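Trainee: Here's my sequence, what's the structure:
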Amino acid sequence: MSEWMIYGANGYTGELLARAAAARRLKPVLAGRNQHAVSALANELGLQARSFSLDHAQAARDGLQDMHCVVHCAGPFSATSQPMIDACLHNHCHYLDITGEIDVFVAAQSRHNDAAEANVVICSGVGFDVIPTDCIAARLKEALPDADRLALGFDSRSSFSPGTAKTSVEGLKYGGRIRKGDKIKTVPLAYQSRDIDFGNGTKHAVTIPWGDVATAWFSTGIDDIEVFIPMAPSAATRLRRLDRLRPLLGLPPIQALLKYLVGRRILGPDSTQRQNARTFVWGEAQNRVGKKVTARIQTANGYDVTVEGALFAVEFLQQNEPAPGYYTPSRLLGADCIEKLPGSGEMHLE
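Mentor: Take a look at the predicted model:
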């Protein structure tokens with residue numbers, strides 16, 4: 001295989017990915033800004049290590065020399081994705097990441113022409129954010145080509161990793177988000193609610209600002225998109241009340257404090273917890289005359305989906321030469337790729 005890199009290998013998900021790659025006798029270069037932590041992990045796994053910061057453009061360019069592909073795992077991606085993409089374009093290196101941040105997806109798509117000129121692929125969200133939901137969106141569009149409304153969602157009881165928790169804290173200041181009339185619209189937290197059977201019984205659910213608000217439009221062209229997760233009505237009410245404090249939640253000192261607290265208290269699920277916290281993913285497309293098509297699939301825990309999805313994407317780029325440019329996961333890897341990942345069942349449409 002050509003040389004590839006895991007950047008942010010010392011983070012929770014980056015380390016899971018590095019260990020999984022090493023267990024399969026793959027040889028990624030492990031990288032990150034924390035030289036001690038990255039080198040220690042690389043030495044343990046018998047892999048090469050590099051240390052560089054994305055804060056310095058030349059250092060990032062030098063760090064990616066001779067790389068065919070990078071899996072970028074160091075968030076928050078709102079701060080790190082642009083400099084990494086810049087370095088990838090300079091080095092003609094394919095870019096993959098595991099973000100779920102709406103604005104990062106939009107920014108990545110805006111680099112389509114740059115990627116085409118540099119002869120590289122940019123594909124954000126090659127993990128649980130957003131492979132399962134993106135594949136469901138694509139399959140629903142195939143089943144109902146004239147769909148003009150799309151609802152997606154998932155039910156997972158998995159705990160957060162530190163990075164995911166910090167990203168969630170950062171997202172509080174933006175509130176809820178949906179796509180309405182081809183535009184991404186800011187709405188209150190828990191803006192819409194409905195009862196949904198994700199595949200394990202009907203539950204009350206509310207909208208969340210998930211990455212598919214951006215990516216599902218790139219994959220399907222459907223103009224109205226919402227994403228849901230289960231939430232008890234009482235919890236949804238509390239979240240709507242919290243929305244009134246959103247201006248305060250966005251203040252830098254409040255953000256710093258909340259991120260510090262979650263960084264100290266959240267470790268991420270261990271292997272047993274991940275094995276016992278599978279995920280149910282659902283989607284519904286509807287056209288103008290009210291016809292609906294529903295899709296469901298059960299997958300492994302979100303972090304395991306992320307590891308397997310990232311490895312699947314790396315292998316795909318090693319073995320194929322897709323046209324350069326920006327892709328969503330379903331457009332790059334196929335709308336059935338989620339069904340090929342370990343722990344996934346078959347997608348059912350009705």
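Trainee: Residue 204: what secondary structure?
Mentor: Under DSSP: H, G, I helix; E, B strand; the rest coil, residue 204 falls in the strand class.
Trainee: Quick one: low-confidence residue ranges for the stretch 251-350 of the chain.
Mentor: Scanning the stretch 251-350 of the chain for pLDDT under 70 picks out the ranges 262-267.
Trainee: Strands of that one, start to end?
Mentor: 279-286, 292-299, 325-327, 348-349 (DSSP state E, counting those that start in this stretch).
Trainee: who touches the shortest one?
Mentor: The one in question is strand 348-349. 139-140, 143, 293-297 (C-beta atoms under 8 Å, 6 or more residues apart in numbering). In this view, the C-beta of every residue, glycine as well, is placed from N, C-alpha and C.
Trainee: Just name the closest of these to residue 23, please.
Mentor: Nearest to residue 23, judged by C-beta to C-beta, of these is residue 297 at 25.5 Å.
Trainee: Correct me if wrong: the closest one contacts residue 346.
Mentor: Yes: applying C-beta atoms under 8 Å as the test, residue 297 and residue 346 come out as touching, 7.2 Å apart.
Trainee: Low-confidence stretches in the stretch 1-150 of the chain?
Mentor: Ranges of the stretch 1-150 of the chain meeting pLDDT under 70: 1.
Trainee: Quick check: bridge partners of residue 202?
Mentor: residue 197 (DSSP bridges).
Trainee: Chain neighbours aside, what residue packs nearest to residue 246?
Mentor: Of all residues not flanking residue 246 in the chain, residue 175 sits nearest, at 5.5 Å (C-beta to C-beta, 6 or more residues apart in numbering).
Trainee: List phi and psi for the one you found.
Mentor: phi 70, psi -160 (degrees, to the nearest 10).
Trainee: Can you get me a residue count around it?
Mentor: 18 (other C-beta atoms under 10 Å).
Trainee: now do the one 5 residues further on
Mentor: The tally of other residues near residue 180 (other C-beta under 10 Å) stands at 14.
Trainee: show me the contacts for it.
Mentor: With C-beta under 8 Å, 6+ apart, residue 180 has these contacts: 223-224.
Trainee: Run through the bridge partners of it.
Mentor: residue 183.
Trainee: in which helix or strand would I find residue 70?
Mentor: strand 69-72 (DSSP states H and E).
Trainee: what residues does that strand touch?
Mentor: 2, 4-8, 17, 28, 64, 80-81, 84, 88, 93-98, 126, 310, 313-314, 317-318.
Trainee: one more time with 7 Å
Mentor: 4-8, 17, 64, 81, 84, 88, 93-97, 310, 314, 317 (C-beta atoms under 7 Å, 6 or more residues apart in numbering).
Trainee: With stretch 124-136 instead?
Mentor: Here stretch 124-136 makes contact (C-beta under 7 Å, 6+ apart) with 96-100, 104-105, 108, 152, 154, 211-212, 215-216, 219, 281, 283, 295, 297, 299, 302, 305-306, 309-310, 313, 328-330, 335-338, 347.
Trainee: Could you tell me which of those count as buried?
Mentor: 96-100, 104-105, 108, 152, 154, 211-212, 215-216, 219, 281, 283, 295, 297, 299, 302, 305-306, 309-310, 313, 328-330, 335, 337-338, 347 (16 or more other C-beta atoms under 10 Å).
Trainee: mind listing which of those residues are in helices?
Mentor: 104-105, 108, 212, 215-216, 219, 302, 305-306, 309-310, 313, 329-330 (DSSP state H).
Trainee: Adding distance to residue 12, write the strands of the stretch 251-350 of the chain out as CSV.
Mentor: Converted to CSV, the strands of the stretch 251-350 of the chain look like this (distance: least, C-beta to C-beta, whole Å):
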stretch, distance to residue 12
strand 279-286, 17
strand 292-299, 19
strand 325-327, 26
strand 348-349, 32
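Trainee: just these: most buried one?
Mentor: Stretch with highest mean neighbour count among the strands of the stretch 251-350 of the chain: strand 279-286 (a mean of 25; mean count of other C-beta atoms under 10 Å).
Trainee: So what are the sheet partners of it and their directions?
Mentor: Assessed with DSSP bridges, strand 279-286 is paired to strand 149-156 (antiparallel), strand 292-299 (antiparallel).
Trainee: out of those, which comes closest to residue 114?
Mentor: Once the strands paired with strand 279-286 are compared by C-beta to C-beta, strand 149-156 is nearest, at 28.4 Å.
Trainee: what angle sits between the closest one and helix 212-220?
Mentor: 120 degrees (axes from the mean of the first three to the mean of the last three C-alpha atoms, to 10 degrees).
Trainee: May I have strand 149-156 exported as PDB, CA atoms only?
Mentor: Presented in PDB, the C-alpha positions along strand 149-156 are these (Å, rounded to 0.1, in the frame of the first residue of the first chain):
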ATOM      1  CA  ARG A 149     -38.300  16.100   1.800                       C
ATOM      2  CA  LEU A 150     -35.900  13.900   3.700                       C
ATOM      3  CA  ALA A 151     -35.800  13.000   7.400                       C
ATOM      4  CA  LEU A 152     -32.900  11.000   8.900                       C
ATOM      5  CA  GLY A 153     -32.000   9.900  12.400                       C
ATOM      6  CA  PHE A 154     -30.400   7.400  14.600                       C
ATOM      7  CA  ASP A 155     -30.800   5.800  18.100                       C
ATOM      8  CA  SER A 156     -27.500   5.200  19.900                       C
END
